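**Q** Give me a model of this one.
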Amino acid sequence: MIKTLASDKDSVEKTASMLRDGGVVIIPTDTVYGIGCAHDNSSAIEKIISMKGRDKDKRMALLVSSIAMAEEYVDISPKIKIGLMEVWPGPFTGVFQKKHGGGTEGIRVPNHAFVKSLIDAYGKPVLMTSANMSGSSAHTHIMDVMHDFGDADDSVMIVDGGDIPDSMASTVVDFTEEPPKVLRIGPVSDKYLQEVFKTSFQLYER
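**A** Numbering: from 1, shown residues only. A predicted model of the protein is given here:
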């Protein structure tokens, strides 16, 4: 495991280089610590699944820097785009139809300086999920991250951003259904979603 401080002047480029080299990165975000890799590197994706003890069928989200970058990968209707301008950047993940290859993709634009700088430096989306063992709570404290992943090999980089404000994973909405379906409630509430997207939603199963 390689560790760097988010505050170091070269930390963004070091982390981007790790992504380019096919490694795994653990970084602070605007919600919880996340673990991610290049979105098109199958071996790195398998490594994350193994490290977390995660179900292979469980999806991860693409972190992008803008709606424009999101639209390179998924189809977003003009109406939904208006609502996304209100919730992005922020703790909200939308699920959309992929432009290529079929299926769906979860997309998020995070509101975190390090993550935004990383995506800009890397130039591509980062595939990410929460940095914790599968089935346990998401981490906002760096010592919890180190407890779970501190013994990883040198193909893993942990970016120490210190403890981040206690939060929860992002709200997730599937826009491929009609009406859209709330898959997970996080910091963005049901009520706010209805106000912003001006539509009713199927509520998630509690």
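**Q** Now do the strands for the protein: every range, in order, please.
**A** Ranges of strands in the chain, per DSSP state E, are 2-5, 24-27, 34-38, 61-63, 92-97, 104-108, 126-130, 156-160, 171-174, 181-184.
**Q** need the ones you listed in TSV with mean neighbour count and mean pLDDT, can you?
**A** All C-beta atoms are positioned from the backbone trio N, CA, C, and that covers glycine. Shown next, in TSV, are the strands of the chain (neighbours: other CB atoms under 10 Å; pLDDT from 0 to 100):
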stretch	mean neighbour count	mean pLDDT
strand 2-5	14	94
strand 24-27	27	98
strand 34-38	26	97
strand 61-63	25	96
strand 92-97	22	97
strand 104-108	22	96
strand 126-130	23	96
strand 156-160	23	98
strand 171-174	23	94
strand 181-184	16	92
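**Q** for those, which one sits closest to residue 17?
**A** strand 156-160 (9.0 Å; CB to CB).
**Q** Contact partners for residue 31?
**A** 91, 110, 138, 167, 168, 169, 170, 186, 187 (CB atoms under 8 Å, 6 or more residues apart in numbering).
**Q** Can you tell me the closest non-neighbouring residue to the last one?
**A** Going back to what we said before, that points to residue 187. residue 91 (4.2 Å; CB to CB, 6 or more residues apart in numbering).
**Q** ok, back up a step: can you list the strands of the chain in TSV and add distance to residue 76?
**A** Listed next are the strands of the chain as TSV, based on distance: least, CB to CB, whole Å:
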stretch	distance to residue 76
strand 2-5	34
strand 24-27	25
strand 34-38	22
strand 61-63	13
strand 92-97	6
strand 104-108	8
strand 126-130	19
strand 156-160	29
strand 171-174	12
strand 181-184	16
